[in-house]
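Participant: what follows is a predicted protein model with its sequence.
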Amino acid sequence: MSVQQANFVRSEMIAPTTPPLLEKGWIAWFRKNLFATPKDTVLTIIAILLLAWFLPPVIRWLFIDAAWTGGGRGVCATVAQGGAQPEGWSGACWAFVGAKFDQFVFGRYPIEERWRPVLVGIFFILLLVPMLIPKIPFKGINAILLFAVLPVVSFFLLLGGWFGLEPVETALWGGLLVTLTLSFVGIVVSLPLGILLALGRRSKMPVISMICTVFIEIVRGIPLITVLFMASVMLPLFMPPGMTVDKFLRALIGVSLFASAYMAEVVRGGLQAIPKGQSEGADSLGLGYWQKMRLIVLPQALKLVIPGIVNTFIGMFKDTSLVSIISMFDLLGIVRQNFSDGNWASPVTPLTGLVFAGFTFWLFCFGMSRYSGFMERLLDKGHKR
């Protein structure tokens, strides 16, 4: 190489230059997601204007003009209504929620015994959190404790009557306690039962297929409120004289069977999406039917229908409010029941209670939805580079 040629050969790499300002950071994000095209720009401006018009009064009502402490309707009513607030005041009455919060959570569960549902809640969280974190080991033991041991322990703790615990009938239960109990039992029962119904509907045995199909179509063809009404009113008519079934147990059975029928159709959609070659490959290896389903088909099918499964869970969680038809008061029911309390009667009390109930339902449903998205991304191995 000559001296002149060597002058054009770089002996060191050029330091990397910083990317253009408009290609990174929050400016790039806004440009890509909000102002990518003229249409997106117009829609973004309209959305900003709507938020500017809508949010300030909502924030003012929820937080700034709200009554946070106090006792009785005087802190939430205007002067004209016999209260302490100036005329025209209409902020949220969070003092009402604070005063009734224990009742919203436990219903009419005896105050001196409320340590029992609190203890059940602590056990539930301690077992649920490790179950939801993929990297924590011993999932099998955790699942047994959560889905088999905890319901039994909760039964003895909440109902009482054993081991020196004071009996507490289910008629005194209410609020978030009823909502979470119905939802947890419904989820634990509906998923495995829905899987069995889906497999039964696709079975080559005509009797099994017909029984599962009839059950699914009948349950899916009637509203949940009808199922609960029949479980509460019609079921005792077919039982021997003097024999009865607890009202809360009837609600548990009704909600679980109703959700199982919908879950069966979700799972069946996943089973139909699995290529036939998967089953044929399992047959060629000499696997039995249940081995084939447990090891090959079901893991793939359930992964495909995670959004549908979680959607069914969310719908069931919200539908627990329908148990008011059988005089069981969940969170929404207990909130509405307290509207009749004359000590808190004011124009803003009902709306505040409904906002609190709606936010609580949204919090749980949003949590399930976000975890569903996390699991989809974690299990989506086919598109990873």
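Facilitator: Received it, and whenever you're ready, just let me know what you need. Numbering: from 1, shown residues only.
Participant: please count neighbours and contacts with C-alpha atoms only from this point.
Facilitator: OK.
Participant: can you show me the helices along the stretch 101-250 of the chain?
Facilitator: Remark: helices assigned in the stretch 101-250 of the chain by DSSP state H, counting those that start in this stretch are 115-132, 139-144, 150-159, 176-201, 206-220, 224-229, 247-273.
Participant: same question, the stretch 251-385 of the chain
Facilitator: So, for the stretch 251-385 of the chain - with DSSP H, counting those that start in this stretch - the helices run 276-284, 289-292, 298-304, 306-319, 331-337, 349-379.
Participant: after the worst-scoring helix or strand of the chain on mean pLDDT comes which helix or strand?
Facilitator: Least confident helix or strand, the chain: helix 3-6 with a mean of 54, by mean pLDDT, DSSP states H and E. Downstream of helix 3-6, the next assigned helix or strand under DSSP states H and E is helix 25-33.
Participant: any weak-confidence spans in the stretch 1-150 of the chain?
Facilitator: Along the stretch 1-150 of the chain, the model assigns pLDDT under 70 to residues 1-10, 19-24, 77-90.
Participant: what about residue 193, how many residues nearby?
Facilitator: Neighbours of residue 193 under the rule other Cα atoms under 10 Å: 19.
Participant: do residue 331 as well
Facilitator: 27.
Participant: so who does it touch?
Facilitator: Counting by Cα atoms under 8 Å, 6 or more residues apart in numbering, residue 331 makes contact with 104-105, 174-179, 321, 357.
Participant: skip the chain neighbours and tell me the closest residue to it.
Facilitator: Closest residue to residue 331 apart from its sequence neighbours, by Cα to Cα, 6 or more residues apart in numbering: residue 175 at 3.8 Å.
Participant: okay, the one you found and residue 181: tell me how far apart.
Facilitator: 10 Å (Cα to Cα, to the nearest Å).
Participant: check residue 98 too.
Facilitator: Taken as Cα to Cα, the span from residue 98 to residue 181 is 23 Å.
Participant: cool, and residue 154?
Facilitator: 10 Å.
Participant: for the two, indicate the residue with more neighbours.
Facilitator: When residue 154 and residue 181 are compared for neighbours, residue 154 comes out ahead with 19 against 16, by other Cα under 10 Å.
Participant: if we can go back for a sec, kindly indicate which of the contacts of residue 331 lies nearest residue 335.
Facilitator: Set against residue 335, the nearest of the contacts of residue 331 by Cα to Cα is residue 104 (6.4 Å).
Participant: run through the bridge partners of the closest residue to the closest one other than its chain neighbours.
Facilitator: Spatial nearest neighbour of residue 104, excluding adjacent residues (Cα to Cα, 6+ apart): residue 175 at 4.7 Å. For residue 175, the beta-bridge partners under DSSP bridges are residue 330.
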